[in-house]
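> quick one, what's the 3D model for this:
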Amino acid sequence: MKALFTAAVAGLAGVTAMNPAEAGTFSAGNSMARDCWQAAVARDYDRNAMYHCNQALQFEGLDRQNRAATHVNRGVLLMRNRDYRSAQRDFERALALDARNPEAYLNMGIAHIRQDRSDAALPLIEQALALNTQEQALAYYSRAIIHERAGKLRAAYADLMRARELAPDWDEPADDLKRYVVKSR
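Numbering: from 1, shown residues only. Have a look, this model is predicted:
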C-alpha cells in the first residue's frame, strides 16, 4: 500500500525565523566562556553576551575543545542577530579546532537554511546527525525543512515525525505535521 504525502507550502514561511534554540555547546572553562554558553542556550543576544564570548576567546586559556565550543556559542549569538557571515566564520573556526564538533555542523547548516541555501545545509545537517549532535530533534527538524523545500515530502514527514518523537514538548514539529495529509492508496 502506497501513501501519498502532501504539505501546505504556507508553513515554510516561518523557516527563516526558526523558533527552536540553536544548538549551543557547553564550554567549561572560566566564567566568560560559561557566560557565553549560557547566553547561547538562552538565545540571548546582546552586547554583554558578545563581550563575554570575545573576552573568553581572547583572554581565557581555553583548550582546543573549549575554544571550539566558545566559537560555536558566539556563532549562535551572531546567528540570532542575523549576522550569518560572521556566524559562519565562527563555525568554521570551531571546525578547524575540532572537526568532529557536531554542533558546529548543525548550526552552520541552520545558518544556510536561514539564507535559503538548503543545498549547502543538507550535508552539514547530516554530518551533525552522524556525529551524534546533542540536538537530535533540531537536526531532524532542520533536515525536514530542507526535504520539504526540495519537494521530498515523504522524507520531510519522516524527519518531522522523528523530531516530534525526540522532543514531544516542542511545538514546531507537531504544528508542521498538521500540514501533512497522509492518504492510503
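> in the protein, where is pLDDT below threshold?
1-30 (pLDDT under 70).
> now the helices for it?
31-41, 47-59, 64-80, 84-97, 102-114, 118-130, 136-149, 153-166, 171-177 (DSSP state H).
> which of those helices sits closest to Lys183?
When these are compared by CB to CB, helix 153-166 sits nearest Lys183, at 11.9 Å. No exception for glycine: its C-beta is placed from N, CA and C like everyone else's.
> residues near Pro102, how many?
As a burial measure, Pro102 scores 23 neighbours (other CB atoms under 10 Å).
> ok so, going back, columns distance to Lys183 on top of the helices of the chain, output as TSV?
What follows is the helices of the chain, written out as TSV (distance: least, CB to CB, whole Å):
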stretch	distance to Lys183
helix 31-41	41
helix 47-59	47
helix 64-80	38
helix 84-97	38
helix 102-114	28
helix 118-130	26
helix 136-149	18
helix 153-166	12
helix 171-177	15
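> out of those helices, nearest to Ser184?
Minimum separation from Ser184 across these (CB to CB) falls at helix 153-166, 13.8 Å.
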